[in-house]
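*Asks:* coords below, sequence missing:
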DNA sequence: AAACTGCCAACTGTCGACAGTTGACAACAT
DNA sequence: ATGTTGTCAACTGTCGACAGTTGGCAGTTT
């Protein structure tokens, strides 16, 4: 009905959103190839916009390009996890420091709220949903007020989600994570940048270790 | 003579290299628009590969895309510089810490060599070439052995180069930079990650301030 | 003269088709 | 049976052309 999508978003842009969703949800499983003609037909668009979408996702790290072979969804890999968390630690520790020095009272309210909801869920017997973990880190990034760092973290987070299939719901780990979050909020509340950085590093180190053990079954 | 570039690199890949060079050298000045048909003809390729190259450079931050208007070379901007250095600081401080704990003796030799060459140039009356500054930071990144962080730093560095036109050759600043470099090497040599991070932060803070004052003429 | 309206050229977004490469399968030789 | 070689289908890389949008300019109105 919309020949070249006149308003709001190009076909390539829409394709990016659809593909990203399909990759992150595992609808397109890791290791599988993205056939250009097939997917283009499925999306009802031409190969041109689809190619641009594929390249875009590749630049985000959600696809790996092989010349003359096509685009593949990258597989989980221990070294990959380590390298990814090295980068994530660098970025989020810096974000934690910035948040400690820039946070407003509104930021604090939001951080406390996310932590409280996590506790409620946990005590209700439900597992600590990954959704709330993401929300916490996102709220912290908002408090850091560095759009550029936030954007980079988002890209890394995406890649973590991509191989998160290995993340088992381990209650002790979840409890430790919530404690870390609380401690982070406290450091940020006190404006203690150094401590916020240290706690964030320990937190991410724990999460990374958890993912690595999950990878080894 | 090479219709579809049979070996080694696609037309889009070549276009990326050529365009990146032209943007970084200022051959395509900041603020100017990249006309697809014009540039495509100049490069002797079609619009398809050129578009992919443009999108790729946009993902690197060297071009900004405006829907239905085209691609522009971004202009220098004080807020941009600050945000950029926030990110760069996060990454390079982490790299400095990693370098301090992972460096080999070979890494140390290389770092000392770059510093020594900087000193030689400086004492010979020549200005501290930006080339050697880049070489130092690159060598440090190699010592950190984190390909992913190194890649991110490369992207940020590129953007800094893009607006480096404002960087005047200020002798006191150059001297301070060389001192910072020496101090960094010392901390890395001692395996003192905390100190390496602190020195790097101070160094980048200085460079950032220098660029900001240069921007205000 | 200033503001508004309608047209127009230039450019981007998109499409379908062709050319070149890759990996695999089949036929053959050893 | 195993290794080698030739052939081929499938897919990516590339191209030229068409459609839609944007910003500007000329003509008109007040």
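*Replies:* That came through fine. Owing to the predicted nature of the structure, the values given are computational and were not obtained by experimental measurement. Numbers count the residues shown, from 1 in each chain, chains lettered A, B, ... in the order given.

*Asks:* Can you list the low-confidence ranges for chain A?
*Replies:* For chain A, the stretches flagged by pLDDT under 70 are A:1-8, A:165-169.

*Asks:* let's see it at 90
*Replies:* Scanning chain A for pLDDT under 90 picks out the ranges A:1-9, A:76-77, A:119-131, A:162-175, A:214-217.

*Asks:* burial count for residue A:75?
*Replies:* Counted by other CB atoms under 10 Å in any protein chain shown, the residues lying close to residue A:75 total 13. Using the backbone N, CA and C atoms, a C-beta is placed for each residue, glycine as well.

*Asks:* I'd say it and residue A:32 touch.
*Replies:* No. Counting by CB atoms under 8 Å, residue A:32 is not a contact partner of residue A:75; they are 9.9 Å apart.

*Asks:* What lies in contact with stretch A:27-40?
*Replies:* Contact with stretch A:27-40 is made by A:19, A:21-22, A:46-47, A:50-51, A:54, A:63, A:69-76, A:162-163, A:165, as judged by CB atoms under 8 Å, 6 or more residues apart in numbering or on different chains.

*Asks:* Buried members of the residues you listed into PyMOL, please.
*Replies:* Of the contacts of stretch A:27-40, the buried ones can be selected in PyMOL as follows, counting by 16 or more other CB atoms under 10 Å in any protein chain shown:
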select buried, chain A and resi 19+50+51+54+63+71+72+73+74+76+162+163
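
*Asks:* Now do the buried residues in the longest helix anywhere in chain A.
*Replies:* Longest helix in chain A by number of residues (criterion: DSSP state H): helix A:78-102. By 16+ other CB under 10 Å, the buried positions in helix A:78-102 come out as A:80-81, A:83-100.

*Asks:* Kindly report the same for stretch A:59-67.
*Replies:* Going by neighbour count (16+ other CB under 10 Å), the buried part of stretch A:59-67 is A:59, A:60, A:61, A:62, A:63.

*Asks:* quick one: that stretch near DNA strand D?
*Replies:* Yes. Stretch A:59-67 comes into contact with DNA strand D (CB under 7 Å from any atom of the strand), by way of A:65, A:67.

*Asks:* Which residues are in contact with residue A:216?
*Replies:* Here residue A:216 is in contact with residue A:78 (criterion: CB under 8 Å, 6+ apart).

*Asks:* how about it, phi and psi?
*Replies:* As for residue A:216, its main-chain torsions (degrees, to the nearest 10) stand at phi -80, psi 20.

*Asks:* Let me see the ranges of the helices in chain A.
*Replies:* A:11-24, A:36-43, A:47-59, A:78-102, A:105-123, A:130-144, A:147-162, A:171-189, A:193-215.

*Asks:* nearest to residue B:12, of those helices?
*Replies:* Nearest to residue B:12 among these is helix A:47-59; the distance by CB to CB comes to 8.6 Å.

*Asks:* Roughly how far does the residue nearest to the spatial centre of chain A sit from residue A:212?
*Replies:* A centroid search over chain A (CA atoms, centre = their mean) returns residue A:157, at 2.2 Å, as the residue closest to the centre. Distance of residue A:157 to residue A:212, computed by CB to CB, to the nearest Å: 17 Å.

*Asks:* what's around residue A:185, how many residues?
*Replies:* Residue A:185 is flanked by 25 other residues according to other CB under 10 Å.

*Asks:* Tell me if I'm right that it and residue A:111 touch.
*Replies:* Yes. Here residue A:185 reaches residue A:111: they are 4.6 Å apart, a contact under CB under 8 Å.

*Asks:* Can you tell me which residues in chain A are near chain B?
*Replies:* A:10, A:48, A:51-52, A:55-56, A:59, A:67, A:83-84, A:86-87, A:89-91, A:93-95, A:98, A:146-149, A:152 (CB under 8 Å from any CB of the partner chain).

*Asks:* By neighbour count, which bits of stretch A:121-136 are buried? Give me those.
*Replies:* A:121, A:122, A:128, A:132, A:133, A:135, A:136.

*Asks:* Which two of those residues have the greatest separation?
*Replies:* Across these, the longest distance by CB to CB is 14.4 Å; it joins A:122 and A:135.

*Asks:* Go ahead and confirm residue A:170 touches residue A:210.
*Replies:* Yes. Under the criterion of CB under 8 Å, residue A:170 makes contact with residue A:210 at 6.6 Å.

*Asks:* Looking at those two, which one has more neighbours?
*Replies:* Comparing residue A:170 with residue A:210 by other CB under 10 Å, the one with more neighbours is residue A:210, at 19 against 15.

*Asks:* Can you tell me which residues in chain A are near DNA strand C?
*Replies:* A:4-5, A:10-12, A:45-49, A:52, A:68-69.
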